[in-house]
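>>> Provided below for reference: sequence and predicted model.
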Amino acid sequence: MTMDGLHTGIKTAAVGSDIALTDLCYAVAGKSILSDVSIQTNAARVGIVGRNGSGKSTLARLIAGLITPTSGTAKVNGKDLFKNRKAALTEIGILFQNPDHQIIFPTVEEEISFGLRQIGQPKEEAAAKTQETLSSFGKAHWAEAYINTLSQGQKHLVCLMAVAAMAPKAIILDEPFTGLDIPTKAQLNRYLSQYRGSLIHITHDPADLTEYDYVIWLEQGAVQQTGHPDDVLPAYVARMNELGGSDDISDLSD
Ligand SMILES: Nc1ncnc2c1ncn2[C@@H]1O[C@H](COP(=O)(O)OP(=O)(O)OP(=O)(O)O)[C@@H](O)[C@H]1O
């Protein structure tokens, strides 16, 4: 067992964060991007599905407190993370689609240590925690590796280790597996499935969410359906297949 919320082998029950979104609206320059989103869940595994541009990333950024709603409220474990950035660091970590947009340091150990320094760990403690995290993933030999020598899948794992080291109560995954080959995706999924905090996973692939507890389906900035994957995913897939037979890709927005 390790201290960073991930452990090898046996799965234990994950603890969900309490996510409370009330009448959430978000607009940019008068254009509505999300409207009247109200969701309450403490599920440990939350999926978010929806078409391109339906507002999934915006919803994730609102939950993480990276942006603030135009109206309504977004709270995680009772906290407004936009107003409380210090709490946000320990409440939620994010893995983005492109690790190159996330990684800032040249080596693996520097990248992992940085997040730990951000949450206030002294240099030596952060260095020790970095080594411990690398070892818990079986990657102690990666410490001094230069990020620019790593594959895309390996860079994703660096981001995951950096987030896991900080042991946030929840991790938001914003389509982190796009462009990865099947074994790499399966290996990253295996690490993630062992995370003992919440996962909030944005994906276009319903197969990613079959083991999840709760799914949010967004359509044009509004909630289309929420609930158990067994109920939401078949309806979502049926609708996506229906739309696949149409030609709305031709439509241009105003
Ligand atoms: N800061 C912004 N300024 C202008 N438009 C924005 C801004 N942020 C988001 N949008 C628009 O809001 C809509 C929803 O974007 P968002 O990235 O949340 O969708 P998404 O469901 O994550 O899409 P995708 O699956 O393609 O990643 C899009 O039309 C996007 O162009």
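Received it, and whenever you're ready, just let me know what you need.
>>> Would you mark the buried spots in the helix or strand hosting C25?
Element membership of C25 [criterion: DSSP states H and E] is strand 19-28. Buried residues in strand 19-28, counting neighbours by 16 or more other CB atoms under 10 Å, are found at I19, A20, L21, L24, C25, Y26. Any C-beta I mention is one placed from the backbone N, CA and C, and that applies to glycine too.
>>> That one vs the ligand: in contact?
Yes. Strand 19-28 reaches the ligand (CB under 6 Å from any ligand atom) through V28.
>>> tell me what that strand is packed against?
When contacts are defined as 3 or more CB pairs under 8 Å, 6 or more residues apart in numbering; DSSP states H and E, strand 19-28 packs onto strand 31-41, helix 56-64, strand 71-76.
>>> what is the mean pLDDT for the last one?
To tie it back to what came earlier, the one meant is strand 71-76. In this model, strand 71-76 has an average pLDDT of 96.
>>> Tell me what angle that strand forms with strand 31-41.
Interaxial angle of strand 71-76 relative to strand 31-41 (axes from the mean of the first three to the mean of the last three CA atoms, to 10 degrees): 40 degrees.
>>> which bits of the protein sit near the ligand?
V28, I33, G50, N52, G53, S54, G55, K56, S57, T58.
>>> Give the burial count for the fourth one, as a bare number.
Okay, so that is N52. 7 (other CB atoms under 10 Å).
>>> Kindly confirm my reading that S246 is in a helix.
No. According to DSSP: H, G, I helix; E, B strand; the rest coil, S246 belongs to no helix; its state is coil.
>>> ok, it - how many residues close by?
Residues near S246, counting by other CB under 10 Å: 9.
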